[in-house]
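**Q** Next input, structure requested:
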Amino acid sequence: MAENFPNNQMTNTESSSSSTLQFPSTTTATTSSSPIVTTTTPTSSPTPPPPPPSSSTSSLGYISGPHLVTIYKTETGFGFNVRGQVSEGGPLRSINGELYAPLQHVSAVLENGAAEKAGIRKGDRILEVNGVNVEGATHKQVVDLIKSSGDKLVLTVISVTPREAEKLEPSDDGNNFVYDYSEKRSLPITIPDYSWIEKNNSGERYCVYNIYMAGRHLCSRRYREFLNLHNNLKREFNEFIFPKFPGKWPFSLSYQQLDSRRRGLESYIEKVCAVRVIGESDIIQEFLTDYDDEHGTNQTPVDLKILLPNRTAITITVRKNSCTKEVYDAIIEKINLSPDLASYFAIFEIVEQGFERKLQSNEFPYNLYIQNIQNTSAASTCLMMKKWFFHLSTELELCTKEDLLEQFFYYQSIEDVNKGQIKAGNKLYELKALQEISKKSDYLKLARKLDGYGEITFPHCASDARKEGHIMCIIGYDSFKLQACRDDGMIEDKKIEFQWNTLKEWYVDDEGISFVFVYNKPDNRLRRVRIHTPYVKYISK
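**A** Numbers count the residues shown, from 1 in each chain. Next up, the predicted model:
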């Protein structure tokens with residue numbers, strides 16, 4: 001499940017049955033003393049929960065009920081656009097005879113793109129994204145879930161006929177769809193300069209305008225690409241009064257005219273992005289993301305800000321398309337950390353308050369960095385360096401090798417106490433008294449004795465371990481814990497602890513939306529538990 005764990009051997013399991021775990025009321029119970037409620041239907045292998053109503057195929061080839069579609073990202077992305085309400089909730093509506101809260105829908109599908117090849121149709125209603133129910137969700141919520149999918153996206157969709165789609169959303173081809181243009185924001189987006197690109201070493205040149213966000217280069221676009229953007233936005237947001245767009249000119253432009261066009265494009269993009277519903281639309285996001293590197297700008301050096309565990313930030317220079325390992329190598333070179341010590345740390349993305357996700361090796365940190373700036377309207381970074389090991393003896397040994405590492409552990413412990421990961425309890429006052437850099441060794445000595453030290457707690461999610469409520473996964477060196485909580489994440493006084501030697505297998509299911517583990521019951525029978533979390537890859541590592 002996590003690196004450096006003992007006894008994480010992978011074995012073939014006997015046939016097991018699904019069940020609901022009985023959470024004990026105390027917080028120190030283990031599987032050896034945790035009763036299990038009566039099992040349900042036996043099964044020889046884990047299967048995803050069935051969709052709500054049954055699905056059937058109509059005479060026109062449409063699957064009328066909810067069905068799973070798995071899309072693998074290509075060089076053109078997932079290949080579809082999403083459209084729908086910008087506010088949350090709404091009245092129930094009938095789709096193919098079943099009632100649903102308002103659903104986002106597929107408004108366009110790229111020809112021969114990933115979505116079309118996977119079976120997505122224009123008009124499909126999106127019921128779940130990677131196992132997360134999105135009935136009544138806003139457009140932004142659904143888009144954010146899709147963006148966090150990595151290279152694999154699993155949708156539960158409901159296909160409808162064109163006639164049904166017209167009844168559900170008459171605005172798809174008409175002018176009745178209403179967007180809320182009142183919510184504004186200030187984005188630090190600029191076009192400070194332009195560049196000349198030579199075309200295929202032929203001597204021909206064309207001009208590209210360089211787009212920056214908070215001083216960081218996003219992409220470079222030609223005038224005709226801006227014009228296509230303008231036309232696409234007018235079609236999608238046909239009621240919005242757009243700012244003036246710089247006009248075409250049939251002849252070669254002088255340097256003064258090019259700079260005037262640059263200022264006009266900068267004013268245009270700044271004003272349209274300031275309207276939240278437009279700035280967060282797929283059209284704008286795709287325009288500002290340099291997927292294909294058509295103009296050769298992915299090799300451009302860019303500055304990337306990284307938070308260190310000691311609460312300081314460093315700036316490194318990397319390429320826009322540098323992968324996680326390349327960025328991490330630049331970090332350890334910047335702080336002069338030896339390669340053997342660097343293996344105990346990793347890069348994390350701050351994705352939720354109090355939780356950081358370890359980056360995968362095939363990710364591009366600069367893209368995450370820029371997306372964070374766009375979504376938060378701030379220049380602060382979402383990337384940080386943290387320790388990536390779980391054995392306490394390893395930490396004690398590292399402290400003797402490098403004073404900087406002890407500083408890192410000290411400041412990370414303070415942060416973990418502040419956000420509640422380390423349960424200070426009645427030791428909080430004593431910890432506060434030791435909260436000085438000169439007393440870091442004494443602070444760590446006390447903190448290491450407290451519950452939660454050196455553990456990772458994941459955000460709450462659904463699991464078949466409980467009939468009602470959610471759970472939180474907690475990973476530590478000695479054990480794997482399930483903390484019971486309410487659907488809103490409020491902690492309940494129930495916890496199950498699994499010693500690592502009782503776990504026989506763990507894996508990500510075929511759909512990539514659930515983490516599954518198998519453990520030994522007290523009677524030596526095997527039990528399989530499924531956890532529905534968007535962080536399945538992180539947990540399985």
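
**Q** Am I right that R311 falls within a strand?
**A** No. Assigned with DSSP: H, G, I helix; E, B strand; the rest coil, R311 falls outside any strand and is coil.

**Q** Can you tell me the closest non-neighbouring residue to it?
**A** Once flanking residues are discounted, R311 sits nearest to Y411: 5.4 Å by C-beta to C-beta, 6 or more residues apart in numbering. All C-beta spots, glycine's among them, are computed from the backbone N, C-alpha and C.

**Q** give me phi/psi at the residue most central in space within the chain?
**A** The geometric centre of the chain, computed from its C-alpha atoms, lies nearest to S148 (C-alpha atoms, centre = their mean), at 3.0 Å. With angles defined as degrees, to the nearest 10, S148 sits at phi -90, psi 10.

**Q** about what we covered before: residues near the residue nearest to R311, how many?
**A** When neighbours are counted by other C-beta atoms under 10 Å, Y411 registers 18.

**Q** Can you name the residues in contact with the helix ranked longest in the chain?
**A** Ranked by residue count, the top helix of the chain under DSSP state H comes out as helix 255-274. With contacts defined as C-beta atoms under 8 Å, 6 or more residues apart in numbering, helix 255-274 is touched by 184-187, 189-191, 193-194, 207, 209, 211, 223, 226, 230, 233, 242-246, 249, 253, 278-279, 284.

**Q** swap in stretch 343-359?
**A** Contacts for stretch 343-359 (C-beta under 8 Å, 6+ apart): 148, 306, 324, 327-328, 331-332, 337, 365, 368, 382-389, 394, 398, 408, 419-421, 457-459, 535, 538, 541.

**Q** Which of these fall within helices?
**A** T324, V327, Y328, I331, I332, P365, L368, T394, L398, F408, Y538.

**Q** Any of these buried? List them.
**A** The neighbour count (16 or more other C-beta atoms under 10 Å) marks T324, V327, Y328, I331, I332, P365, L368, L398, F408, Y538 as buried among these.

**Q** ok so, going back, local confidence estimate at the residue nearest to the centre of the chain?
**A** If you check S148, the pLDDT there is 80.

**Q** what does V518 give?
**A** Value for V518, per-residue pLDDT: 93.

**Q** Equivalent analysis for E294, please.
**A** For E294, pLDDT reads 54.

**Q** what's the answer for A433, then?
**A** pLDDT, read off for A433, is 95.

**Q** cool, and H460?
**A** 91.

**Q** got the contact list for the closest residue in space to E492 that isn't next to it in sequence?
**A** With sequence-adjacent residues excluded and distances taken as C-beta to C-beta, 6+ apart, E492 is closest to A484, at 4.4 Å. Applying C-beta under 8 Å, 6+ apart, we find A484 in contact with F23, R466, G469, H470, I471, I491, E492, D493, K494, K495.

**Q** domains for the protein, by residue range?
**A** According to automatic domain parsing, the chain comprises the domains 16-49+464-540, 67-172, 189-288, 301-387, 392-447.

**Q** if we compare those domains, which one ends up closest to Y179?
**A** domain 189-288 (5.1 Å; C-beta to C-beta).

**Q** where do the strands sit along the stretch 351-500 of the chain?
**A** 355-358, 383-387, 456-457, 462-463, 470-475, 479-485, 491-499 (DSSP state E, counting those that start in this stretch).

**Q** Adding distance to S343, write these out as JSON lines.
**A** Converted to JSON lines, these look like this (distance: least, C-beta to C-beta, whole Å):
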{"stretch": "strand 355-358", "distance to S343": "14"}
{"stretch": "strand 383-387", "distance to S343": "11"}
{"stretch": "strand 456-457", "distance to S343": "18"}
{"stretch": "strand 462-463", "distance to S343": "32"}
{"stretch": "strand 470-475", "distance to S343": "19"}
{"stretch": "strand 479-485", "distance to S343": "23"}
{"stretch": "strand 491-499", "distance to S343": "27"}
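
**Q** Mind checking those for the one nearest to D442?
**A** By C-beta to C-beta (comparing all of the strands of the stretch 351-500 of the chain), the closest turns out to be strand 383-387, at 19.6 Å.

**Q** The closest one packs against which elements?
**A** Where contact means 3 or more C-beta pairs under 8 Å, 6 or more residues apart in numbering; DSSP states H and E, strand 383-387 is packed against strand 301-307, strand 345-352, helix 365-376, helix 403-418.

**Q** Can you tell me which of the ones you listed is nearest to T156?
**A** Taking those one by one with C-beta to C-beta, strand 345-352 is closest: 22.6 Å.

**Q** now the closest one, how far from the centre of its chain.
**A** 11 Å (C-alpha atoms, centre = their mean, to the nearest Å).
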